[in-house]
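Undergrad: Show me how the following folds:
(2 chains, ligands or ions: 1)
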Amino acid sequence: MLNVGKIEEGFVLDHIKAGRSMQIYRHLGLDKLDCTVAIIKNARSNVMGKKDILKVECDIDTLDLDILAFIDHNITVNVIKEGEIVEKRALFLPHQIKDVIKCHNPRCISSIEQGLPHIFYLADEEKEIYRCQYCDEKYQESAKTEN
Amino acid sequence: MTNNLRHLMKPLDFSVEELEQLFDTAADIEKNMSAYSHKCDGNILATCFYEPSTRTRLSFETAMLRLGGQVIGFSDASSSSVSKGESVADTIRVISSFADICAMRHPKEGAPMVAAANSIIPVINAGDGGHHHPTQTLTDLLTIRSLHGSLGGFTIGLCGDLKFGRTVHSLITALVRYKDIHFVFISPKELKVPDYIIDLLNENNITYEEVIKLEDVMSKLDLLYMTRVQKERFFNEEDYIRLRDFYILNEEKMALAKENMHVLHPLPRVNEISVEVDKDPRAAYFKQVQYGLYVRMALILTLLDKTDAHINQGLLRTF
Ligand SMILES: [Zn+2]
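TA: You can find the predicted model right below:
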């Protein structure tokens, strides 16, 4: 496998579904940070065939990783300190998601109101169902990759 | 006032206990209307109706006028700055600086919630598209409580379009919180209650039955909630013609009902209740409109935090 240098402190996000790394890059706000980021696309994986990997060198408290659980809870989060994996962090579904996804209900106020944050709440943790805070419309999984 | 600012967005925003208080106030208003005629002296209600709904708007406006308050507002979007593209958030910020309380109707779902989030005055959802219409549900609950004597211990029939009828879904969801209610769903197969309602009833161990013909169950009902069956909901004309008479309430069917049954309907009625039924003492749909007024008066008092003053006065009257 292509070798990207070891990081001192930060995260290695492994087992990202191939093609989703850029989406995660945006949702974690990595474009706004000036830390070192390595994006590995289409790495070979025994389990997944192809996968993406993100390596982020940063203070481990700077990133809110909850959103990863929403995007894909199969992602493995390795926490790196002093060059070693010190923790495999579990992902929890966030109770609220703000400005990550949009409501697709054309009758929803969020379709016309300017400057309105797009907020979804976790309606059913077991079934991983999120609903729009305004119209309660269920967020459809199929639309996830569109964003 | 901003510290305890309270809104009404959904039928279940109030707990059962809070609803009891609200309904007690409404029941007292029914008995002593004149005692309330100055409760809101100097207060202003804004009715912001982005789509026309004359009956609901007049009910809110009458409620405020009966409490001694005054009313401002608009009754459809085209006659206001809204047509120039002003956001709901900006509109409520402006309205907040004029009025003490706002009732908002909007064709877009969730619009009153956006208003509430940007408001320094209480906002009442007066209907947001097909989403919620909480004061209709409160009206229905108060009507049942007043006519039947309690919210519980009855068999209620819901008849007509049970699939698309928001009013019916909200009422069932609200009634699930009370005890000893048996539901009878009367509708064509195509317009049965949705699965999520059935799931909700099963989860709460509430008994129900689903039937096709109203006359088959008429004799067991304590309450009958009628809704319209629209022709467009049917797949073909034949089915509509074959089935429509099952869902029209007339004198013949009323003859099968209990002496003390009550017929409710959210209005407007088209032809699903024959006018001949109107003179039957069990026809309660026009009384329901009155209860809608009482409950909106009680709601305005509650949200403006003026019910305590009333209770004190009530005591004074007793002595
Ligand atoms: Zn929505």
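Undergrad: Please determine how far the spatially most central residue of chain A is located from chain B.
TA: Here the mean C-alpha position of chain A is nearest to the C-alpha of A:Leu68 (CA atoms, centre = their mean), at a distance of 3.0 Å. When CB to the nearest CB, to the nearest Å is the yardstick, A:Leu68 and chain B sit 27 Å from each other. C-beta here means a position set from N, CA and C on the backbone, and glycine is covered the same way.
Undergrad: Wait, B:His132 touches B:Pro11, no?
TA: Yes - proximity of B:His132 to B:Pro11 meets the contact threshold set by CB atoms under 8 Å, at 6.6 Å.
Undergrad: what touches both of the two?
TA: The contact sets of B:His132 and B:Pro11 overlap at B:Ser170 (CB atoms under 8 Å, 6 or more residues apart in numbering or on different chains).
Undergrad: neighbour count winner among those two?
TA: Set side by side, B:His132 and B:Pro11 show unequal neighbour counts under other CB atoms under 10 Å in any protein chain shown, the larger going to B:His132 at 26 against 22.
Undergrad: Quick check: the more buried one vs B:His169, distance?
TA: 10 Å (CB to CB, to the nearest Å).
Undergrad: So for the lowest-mean-pLDDT helix or strand in chain A, what gets flagged as buried?
TA: Taking mean pLDDT, DSSP states H and E as the measure, the helix or strand of chain A with the lowest value is helix A:66-71, at a mean of 86. By neighbour count on 16 or more other CB atoms under 10 Å in any protein chain shown, the buried set for helix A:66-71 is A:Ile67, A:Leu68, A:Ala69, A:Phe70, A:Ile71.
Undergrad: Next to the ion in this structure, residues from chain A, please.
TA: Chain A comes close to the ion at residues A:Cys103, A:Asn105, A:Cys108, A:Ser110, A:Cys132, A:Tyr134, A:Cys135, A:Glu137, as judged by CB under 5 Å from the ion.
Undergrad: Check which helices and strands the least confident helix or strand of chain A sits against.
TA: Here helix A:66-71 touches helix A:21-27, going by 3 or more CB pairs under 8 Å, 6 or more residues apart in numbering or on different chains; DSSP states H and E.
Undergrad: What is the helix it packs on packed up against?
TA: With contacts defined as 3+ CB pairs under 8 Å, 6+ apart, the secondary structure elements packing on helix A:21-27 are strand A:36-45, strand A:49-57, helix A:66-71.
Undergrad: outside of that helix, which residues touch it?
TA: Taking CB under 8 Å, 6+ apart as the rule, helix A:21-27 contacts A:13, A:16, A:31, A:37, A:39-41, A:52-54, A:67-68, A:71, A:75, A:100, A:145, A:147.
Undergrad: ok, and of the residues of chain A next to the ion, which contact chain B?
TA: When the residues of chain A next to the ion are checked against chain B using CB under 8 Å from any CB of the partner chain, the ones in range are A:Asn105, A:Cys108, A:Ser110, A:Cys132, A:Tyr134, A:Cys135, A:Glu137.
Undergrad: Derive a PyMOL selection command for the buried subset of these.
TA: Restricted to buried positions by 16+ other CB under 10 Å, the PyMOL selection for these reads:
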select buried, chain A and resi 105+108+110+132+134+135+137
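Undergrad: For the ones next to chain B among the residues of chain A next to the ion, which two are the farthest from each other?
TA: Based on CB to CB, the longest span within these runs between A:Ser110 and A:Glu137 and measures 9.7 Å.
Undergrad: if I read this right, the residue nearest to the centre of chain A contacts A:Asn74, doesn't it?
TA: No - applying CB under 8 Å as the test, A:Leu68 and A:Asn74 come out as separate, 9.8 Å apart.
Undergrad: where are the low-confidence patches of chain A?
TA: Within chain A, the set of residues satisfying pLDDT under 70 comprises A:1-4, A:141-147.
Undergrad: Write out the residues of it neighbouring chain B.
TA: A:105, A:107-116, A:132-137.
Undergrad: Might you report the residue contacts of the residue positioned nearest the centre of chain B?
TA: In chain B, the C-alpha nearest the mean C-alpha coordinate belongs to B:Gln136, at 1.1 Å (CA atoms, centre = their mean). With contact set as CB under 8 Å, 6+ apart, B:Gln136 has these partners: B:Gly127, B:Thr167, B:Ser170, B:Pro266, B:Gly292.
Undergrad: the domain parsing of chain A - what is it?
TA: Domain assignment of chain A by automatic domain parsing yields the ranges A:10-89, A:96-143.
Undergrad: how about those domains in JSON lines, adding distance to B:Asp76?
TA: JSON lines is the format used below for the domains of chain A (distance: least, CB to CB, whole Å):
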{"stretch": "domain A:10-89", "distance to B:Asp76": "39"}
{"stretch": "domain A:96-143", "distance to B:Asp76": "16"}
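Undergrad: Walk me through the domains of chain B.
TA: As given by automatic domain parsing, the domain ranges for chain B are B:2-132+B:290-308, B:135-288.
Undergrad: Run a quick neighbour tally on A:Glu125.
TA: For A:Glu125, the number of neighbouring residues by other CB under 10 Å comes to 10.
Undergrad: Pretty sure it sits against A:Phe92.
TA: No - A:Glu125 is not in contact with A:Phe92 according to CB under 8 Å; the separation is 9.2 Å.
Undergrad: Most neighbours among the contacts of B:Gln136, please name it.
TA: Neighbour max across the contacts of B:Gln136 (other CB under 10 Å) = B:Gly292, 26 neighbours.
Undergrad: can you tell me how far that one sits from the ion?
TA: From B:Gly292 over to the ion the distance is 28 Å, taken as CB to the ion, to the nearest Å.
Undergrad: if we can go back for a sec, which residues are in contact with each of A:Ser110 and A:Glu137?
TA: Shared contacts of A:Ser110 and A:Glu137, defined by CB under 8 Å, 6+ apart, comprise A:Cys103.
Undergrad: For the ion, what's the nearest residue on chain B?
TA: Ranked by CB to the ion, the top residue of chain B for proximity to the ion is B:Gly110, at 5.9 Å.
Undergrad: so what's the residue lying closest to that residue once chain neighbours are set aside up against?
TA: Spatial nearest neighbour of B:Gly110, chain neighbours left out: A:Tyr134 (2.5 Å); criterion: CB to CB, 6 or more residues apart in numbering or on different chains. Taking CB under 8 Å, 6+ apart as the contact definition, A:Tyr134 lies against A:Cys103, A:Cys108, A:Ile109, A:Ser110, A:Leu116, A:Ile119, B:Glu109, B:Gly110, B:Ala111, B:Met113, B:Val114.
Undergrad: What are the phi and psi values at the second one?
TA: Okay, so that is A:Cys108. Torsion angles at A:Cys108 (phi, psi; degrees, to the nearest 10) stand at phi -80, psi 140.
Undergrad: Just grab the bridge partners of it for me.
TA: B:Glu109 (DSSP bridges).
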